[in-house]
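> Give me coordinates for this.
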Amino acid sequence: MRAVTSTDPLPPLHGLRFAFGTLTVLPARVTRWDRDAARSGMLCAPVAGLVVGAGAAAAGVLLLLLGAGPLLAAVAATAVPAVLTRGLHLDGLADTADGLGSGRPAEDALRIMKRSDIGPFGVVTLLFALLAQVAALHQLYAAGWARGAVAAVVAGALARVALTLASRAAVPAARPEGLGAVVAGTVPPRAALAVAVVAVAACAAAGAAVAGPYGAVRHALAALVALAAAQALLRRCVRRLGGVTGDVFGAVAETAATAALVALTLG
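I've put the predicted structure just below:
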C-alpha cells in the first residue's frame with residue numbers, strides 16, 4: 001500500500017485512529033493513509049501501547065486474584081499483547097531475524113522477510129523472546145502483583161515509543177510500499193526525542209509508585225535500556241537492509257518490550 005499526499009486538515013483524533021488502527025486490533029477506522037496521518041499516528045503510538053500494556057497487566061492481575069500462580073499470570077500477560085496486535089509484531093520479529101540471519105544481499109533478505117513462512121532463525125528468535133518475556137514477568141509477578149502489572153504496562157508503552165523513534169526523519173524506508181514506507185521518516189527528530197523523554201519520566205514515576213526512589217531509578221534505567229536495544233536493532237536493519245519495513249517495526253517493538261522486562265528483573 002502506497003502513501004498518498006493530502007492537504008486536507010488532519011482531524012484532532014486522527015492520530016489516535018491511525019495508531020490504534022494500524023498497531024492494534026481494537027476498532028479504529030483509519031480514514032486517511034498519508035504521511036501527515038502517519039506522523040500523527042506514530043506520535044500517538046505510545047498511547048496505543050499503554051492500552052495494550054494495561055490489558056496485559058489486567059489479565060495477569062485477574063489470574064492472580066482468581067488463585068493462579070505468577071507463572072500463569074506471566075503467560076497471560078505475554079499472550080494479551082500478541083492477541084491485541086494479531087501477532088504482527090512477533091511475526092515481524094521472526095521475519096526480521098530470518099532476513100538478517102540469511103547472510104544474503106539486502107534485496108534477497110527483503111524477499112525472504114516477505115515470505116509467509118518462518119525459517120529457523122525466526123523460530124529460534126521468537127522462542128527465546130517469548131521465553132524471556134514470560135520468565136521476566138513470572139519473576140516480577142512473584143515479587144508482587146503491582147510490580148508485575150507496572151512492568152507489563154511499561155513494556156507495552158516502551159515498545160511503541162521505540163516505533164516513534166524508528167519513524168523519525170533520519171530513518172529511510174527499505175521498500176517503496178507497505179507500512180514502513182508510509183511511516184518512515186515522518187516524525188521530526190525533536191518530537192521523537194520529546195516522546196522518549198516523557199516516556200522515561202513516566203516510567204520513573206511508575207517505578208516510584210511501586211517501589212519508591214529506588215524503583216524510579218530502576219524503571220528509568222530499564223526504559224533507557226529498552227530504547228537503546230531497539231535503536232541498536234534499528235541501526236543494524238538500516239545498514240543491512242537499507243531502511244525499515246513493517247517487519248522491522250515489529251522487531252523493534254518486541255525488542256524494546258523484551259529488553260524492558262529483562263532489565264526490570266535485574267538489581
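> For this protein, name the helix or strand with the lowest mean pLDDT.
helix 179-183 (a mean of 85; mean pLDDT, DSSP states H and E).
> after that one comes which helix or strand?
Downstream of helix 179-183, the next assigned helix or strand under DSSP states H and E is helix 189-241.
> And the average pLDDT for that following helix is what?
Mean pLDDT, computed over helix 189-241, is 97.
> looking just at contacts, which helices and strands does it meet?
Contact analysis of helix 189-241 by 3 or more Cβ pairs under 8 Å, 6 or more residues apart in numbering; DSSP states H and E lists helix 88-101, helix 106-114, helix 145-166, helix 246-264 as its packing neighbours. Every residue, glycine included, has its C-beta placed from N, CA and C.
> rewinding a little: contact partners of the least confident helix or strand of the chain?
Taking Cβ atoms under 8 Å, 6 or more residues apart in numbering as the criterion, the residues outside helix 179-183 that touch it are 1-3, 22, 33-35, 38-39, 41-42, 167, 173-175, 243-249.
> Keep only those of the residues you listed that are in strands.
In strands, judged by DSSP state E, none of these are found.
> Find the residue closest to residue 157 in space, skipping its chain neighbours.
When the adjacent residues along the chain are set aside, residue 157 lies closest to residue 49, with 4.2 Å between them (Cβ to Cβ, 6 or more residues apart in numbering).
> In the one helix or strand that neighbour maps to, which residues are buried?
Assignment of secondary structure by DSSP H and E places residue 49 within helix 45-65. The neighbour-count criterion (16 or more other Cβ atoms under 10 Å) identifies 45-61, 63-64 as the buried residues of helix 45-65.
> Quick check: buried residues in the helix or strand just after that helix?
Moving toward the C-terminus from helix 45-65, the next helix or strand (DSSP H and E) is helix 70-84. Using 16+ other Cβ under 10 Å as the test for burial, helix 70-84 gives 70-82, 84.
> pretty sure residue 130 is touching residue 78, no?
Yes. Counting by Cβ atoms under 8 Å, a contact exists between residue 130 and residue 78, whose distance comes to 6.4 Å.
> Mind listing the shared neighbours of those two?
Joint contacts of residue 130 and residue 78 (Cβ under 8 Å, 6+ apart) do not exist.
> Would you mind confirming that residue 31 makes contact with residue 18?
No. Look at residue 31 against residue 18 with Cβ under 8 Å: they stay out of range, at 9.1 Å.
> Neighbour count for those two, which is higher?
Counting neighbours by other Cβ atoms under 10 Å for residue 31 and for residue 18 shows that residue 18 has the greater number, 30 against 12.
> so where's the chain shaky on pLDDT?
By pLDDT under 70, the low-scoring segments of the chain are 1-12.
> redo that, cut-off 90
By pLDDT under 90, the weakly predicted segments of the chain are 1-15, 27-37, 102-103, 115-117, 170, 175-182, 267.
> For residue 174, give me its contacts.
Under the criterion of Cβ under 8 Å, 6+ apart, the contact list for residue 174 reads 106, 110, 180, 237, 241-245, 248.
> Could I get those in JSON lines, plus columns for neighbour count and distance to residue 142?
What follows is those, written out as JSON lines (neighbours: other Cβ atoms under 10 Å; distance: Cβ to Cβ, whole Å):
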{"residue": "106", "neighbour count": "14", "distance to residue 142": "44"}
{"residue": "110", "neighbour count": "20", "distance to residue 142": "42"}
{"residue": "180", "neighbour count": "24", "distance to residue 142": "38"}
{"residue": "237", "neighbour count": "25", "distance to residue 142": "35"}
{"residue": "241", "neighbour count": "25", "distance to residue 142": "39"}
{"residue": "242", "neighbour count": "16", "distance to residue 142": "44"}
{"residue": "243", "neighbour count": "20", "distance to residue 142": "41"}
{"residue": "244", "neighbour count": "29", "distance to residue 142": "37"}
{"residue": "245", "neighbour count": "27", "distance to residue 142": "38"}
{"residue": "248", "neighbour count": "30", "distance to residue 142": "34"}
